[in-house]
Structures are given as structure tokens and as C-alpha cells.
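Q: need coordinates for the below:
(one chain, ligands or ions: 2)
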Amino acid sequence: MAKDTKKKRKGKADADGTKYAIYLEGVNKAYEDGVPALTDIDLKITPGEFVFIAGETGSGKSTLIKLLLRELKADEGKINVCGYDLMRIKRRDVPKFRRNLGVVFQNFRLLKERNVYDNVAFAQRIIQKSEREIRKNVPSILSAVGLAGKYKAKPKQLSGGEQQRVALARALVNKPTILLADEPTGNLDPKNTNEIMHLLEKINENGTTVVVVTHNREIVNAMQKRVVTLRKGAIVSDEEKGGYIDED
Ligand code: ADP
Ligand code: MG
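A: Numbering: from 1, shown residues only. Ligands and ions are numbered 1, 2, ... in the order given. Modelled structure (predicted):
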């Protein structure tokens, strides 16, 4: 097998040499109907950080995630993720860029007819990993998320918390440098919510940059991480070891 020779990109650097995994400056995004979704966003996240993006429904959290994934293009500003300039990236380079990212969503988005093993293996097949590597990597990531015994189960045979752990395994199996999670615990009870959050923390401790969108006040207040708060499309607060800020 040919070794993976892709050049590792370190991210964008400031004038002082600080490297960023995620760098946004003066970013604006409005939807076709003209409704501004994000206004003048400045956000810098260094490699290995854990950041909550908090804010009420409609504040622009998912739009921000879509910009980071280059599902949407910003109207104005600078966006650099993992060293890729997302205002200039060519369409054909987007899949390669996205290999740096793992993503999980509120509604899990698993393949319903496939079992747990195949849901995770699918992510590896897309990037043409050999079956030999897949047989090594999938069981290892499934045991890391506590699902080693469930590899044959179909999604509907699993609890919500288990389904989200499958989604996490799928997001992680290709070893992304950044994990983006858009309301990953939105459909989970408090016990599963805590377990997923604990896993995200563990993933972060292993070096992955983790960005978690949530409007769960209890979690944000309990975890004492950096909290970026959006309100009506603008960042209204950005605090180390922050808490959840309510609408007034
Ligand atoms: P959040 O994830 O915080 O709930 P969103 O980013 O989904 O917020 O939405 C931000 C704003 O953009 C809201 O006013 C929402 O109605 C609007 N919006 C989101 N998606 C679209 C879309 N596809 N077309 C038009 N407006 C949208
Ligand atoms: Mg949303």
C-alpha cells in the first residue's frame, strides 16, 4: 500500500505566528431571501481547543457550521480551516479539504439499512482504505466509543445515545483534525447527553480540535470550556471557561 503522502497543513498563521485550526475574520452570510444569518464574525480557534458555540434557535449556529464545512460559502470576509482558504477553494478540492473534518448532527444521519460496522466502514471506503485497514480500524474505534459488542446491530435496534456514538465513530475513524458537532445531544436524555459530552472531551484530550454547537445550558455551565455565544447572527460573547448566557 502506498503511504499517505498528503502534506499536513497546519492552519492559518497570524502576524505573530500563532497558528489556527479555524480562522474567521469579518464574515458575513445572508440567505437568498436576504435574511442576514451571520454578521461580522471574527473567530479564531487554535489546534486542540474545545469550543462551545451557544445561542438560541435561529442565532446562526448551524450556518456557522455549514460555512466551516464549506457547505455554504460566505458572502464576505476571510475563512480559513485547516490551512484551506474557503473563500478561494476550488470545487474539486472540497472533498479533500473535508477529509480533515469529522461531523456529527442532532439526528445522527446513519444509514438505516446498514449495521453499525458498515456505517463506520462506509467512511473509510469513501476514502479508499483497504479492507484490511478497515477490519483493523473499525473495531478499534467502536470499542473506543463503547460499542464493540453492537457491531452487527442496525440503527433502529440502538438507543439514541448508541446511535450518536456510532455517528461519532464514523466521524472519527478517518482521524480528522477537527470535529464539528451540531447539537449532538439535542435528541438525547440527560444521561446519554453526559456520556456523549464525556466522549467529546476524551476525543479532544487526544488532540482533536472540537467545536460543539449547543443550546443546552446545563452542559455548557458544567463543562467550563470556551464558550462563543451567538445572538441574531453576531458574536456577543467569547469567554474562556464560560457559562451559558440567556437571552434577556
Ligand atoms: P441555529 O442553528 O442557531 O438555529 P441557523 O443558522 O439555522 O440558526 O439560522 C440562522 C438564521 O438563518 C435564521 O434566521 C434562519 O431562519 C435563517 N436560515 C437558516 N437556513 C436558511 C435557509 N436555508 N434559507 C433561508 N434562511 C435560512
Ligand atoms: Mg441549528
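Q: does residue 128 count as helix, strand or coil?
A: coil (DSSP: H, G, I helix; E, B strand; the rest coil).
Q: burial check on it, number of neighbours?
A: Using other C-beta atoms under 10 Å, residue 128 is surrounded by 7 other residues. To be clear about C-beta, it is placed using only N, CA and C from the backbone, and glycine gets the same treatment.
Q: got it, and residue 62?
A: By other C-beta under 10 Å, 19 other residues sit near residue 62.
Q: in which helix or strand would I find it?
A: Per DSSP states H and E, residue 62 falls inside helix 61-68.
Q: ok, residues contacting the next helix or strand after that helix?
A: Later in the chain than helix 61-68, the nearest helix or strand by DSSP H and E is strand 76-81. For strand 76-81, contacts defined as C-beta atoms under 8 Å, 6 or more residues apart in numbering pick out 11-12, 20-28, 40-41, 67-68, 70, 85-87, 97, 100-101, 178.
Q: ok, strand 76-81: who's next to it in the sheet?
A: Sheet pairing for strand 76-81, assigned by DSSP bridges, gives strand 22-30 (antiparallel), strand 84-85 (antiparallel).
Q: need these in JSON lines (columns: mean neighbour count and distance to residue 106).
A: Below are these laid out as JSON lines (neighbours: other C-beta atoms under 10 Å; distance: least, C-beta to C-beta, whole Å):
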{"stretch": "strand 22-30", "mean neighbour count": "19", "distance to residue 106": "21"}
{"stretch": "strand 84-85", "mean neighbour count": "16", "distance to residue 106": "26"}
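Q: which strand or helix spans the residue nearest the centre of the chain?
A: Centroid-nearest residue in the chain, with C-alpha atoms, centre = their mean: residue 180, separated by 0.6 Å. Element membership for residue 180, per DSSP H and E: strand 178-182.
Q: next, the angle from that strand to helix 61-68.
A: 150 degrees (axes from the mean of the first three to the mean of the last three C-alpha atoms, to 10 degrees).
Q: after strand 178-182, next one along is what?
A: Using DSSP H and E, the helix or strand that follows strand 178-182 in sequence is helix 190-205.
Q: which elements pack onto that next one?
A: Contacts defined by 3 or more C-beta pairs under 8 Å, 6 or more residues apart in numbering; DSSP states H and E place helix 190-205 against strand 50-54, helix 160-172, strand 178-182, strand 209-214, helix 217-223.
Q: mind doing that once more with 6 Å?
A: Applying 3 or more C-beta pairs under 6 Å, 6 or more residues apart in numbering; DSSP states H and E, one finds that helix 190-205 contacts helix 160-172.
Q: just checking, what packs against the helix it packs on?
A: strand 101-105, helix 116-126, helix 131-144, helix 190-205.
Q: what's next to the longest one, contact-wise?
A: Counting contacts by C-beta atoms under 6 Å, 6 or more residues apart in numbering, the residues outside helix 190-205 that touch it are 50, 161, 164, 184, 185, 210, 219.
Q: the first one against residue 210, yeah?
A: Read it as residue 50. Yes - with contacts counted by C-beta atoms under 6 Å, residue 50 reaches residue 210, the gap being 4.8 Å.
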